[in-house]
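Trainee: got a structure for you, letters missing:
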């Protein structure tokens, strides 16, 4: 038998080197901003209770028998005259020449309703309130600010009694310029309880005195 041809030996297959995949760099996780806790806001019920407490305190101030004033400004008062310093006073307030000359001729009335320490004042300027018709209410001695408007804008004021509770001392300032301040004294004349005097001094030291007289009661 012919010898079978010897099969060539199979060469071992060369293994291909494994490719290492590049490692992906891990991106650091973004830091989330810390959530701020909401500030505690007063609850509506709490605000309502505070307002109720303030109202009760003011009501007690008005009705306090031991704290009643010794004078009553109630009535309709008409401005009869002003001090000679009226021109100087309004000049310091920035009024024009024509306005200062016109000021003494402007009719003014104050209708006052007083209930103990509670004072409601309606100020009427010009015929039929042509130039102003403002009403404000204050609890004297409560420390609460009262708002009112005049020709130059919005003002806020507090008021208190003098020692013997015969005069009201007021302190006011302008909302748009708090440097412009005013101190006033409201009192009855020493000669007649049908005459009321209001003295106002501004932050520049200029003083205006206004003399009012009580209107005669209307005949029914």
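Mentor: The structure has been received and is ready for your questions. What you see is a predicted model; the values in this text were computed from it and never measured. Residues are numbered from 1 along each chain as shown.

Trainee: What number of residues are in the vicinity of residue 89?
Mentor: For residue 89, the neighbour count with other Cβ atoms under 10 Å is 22. Just so you know, the C-beta spots here come from the backbone N, C-alpha and C atoms, and that holds for glycine as well.

Trainee: Excluding its own residues, what touches the stretch of helix or strand it belongs to? List them.
Mentor: Residue 89 belongs to helix 86-92 when elements are defined using DSSP states H and E. For helix 86-92, the surrounding residues in contact (Cβ atoms under 8 Å, 6 or more residues apart in numbering) are 99-101, 103-104, 200, 202, 204, 206-208.

Trainee: got it, and stretch 190-207?
Mentor: 73, 77, 83, 85, 88-89, 92-93, 179-189, 208-214.

Trainee: residues of that stretch that come out buried?
Mentor: 195-196, 198, 200-202, 206 (16 or more other Cβ atoms under 10 Å).

Trainee: List the ones among these that fall in strands.
Mentor: Judged by DSSP state E, strands contain the following of these: 195-196, 198, 200-202.

Trainee: Need these in a markdown table (columns: pLDDT).
Mentor: Formatted as a markdown table, those follow (pLDDT from 0 to 100):
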| residue | pLDDT |
| --- | --- |
| 195 | 98 |
| 196 | 98 |
| 198 | 98 |
| 200 | 98 |
| 201 | 98 |
| 202 | 98 |
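
Trainee: Closest to residue 112 out of these?
Mentor: residue 196 (8.4 Å; Cβ to Cβ).

Trainee: the strands in this structure, which residues?
Mentor: Here the chain has its strands, by DSSP E, at 75-82, 108-115, 118-125, 132-139, 146-150, 153-161, 167-174, 177-188, 195-202, 207-214.

Trainee: Can you pull the poorly scored residue ranges out of the protein?
Mentor: Low-confidence segments of the chain (pLDDT under 70): 1-66, 220.

Trainee: measure residue 95 to residue 102 for me?
Mentor: Relative to residue 102, residue 95 is positioned 9 Å away (Cβ to Cβ, to the nearest Å).

Trainee: Give me the more crowded residue out of the two.
Mentor: Higher neighbour count among residue 95 and residue 102: residue 95, with 17 against 11, using other Cβ under 10 Å.

Trainee: Surely the more buried one and residue 103 touch.
Mentor: Yes - in this structure, residue 95 is within contact of residue 103 by Cβ atoms under 8 Å, at 7.2 Å.

Trainee: buried ones in the helix holding residue 89?
Mentor: The neighbour-count check on helix 86-92 (16+ other Cβ under 10 Å) flags 86-87, 89-91 as buried.

Trainee: now do stretch 153-165
Mentor: For stretch 153-165, the neighbour count (16+ other Cβ under 10 Å) marks 155, 157-161, 165 as buried.

Trainee: so how far is the first residue of stretch 72-85 from its last?
Mentor: Distance across stretch 72-85, first residue to last, is 28 Å (Cα to Cα, to the nearest Å).

Trainee: Done for today, thanks.
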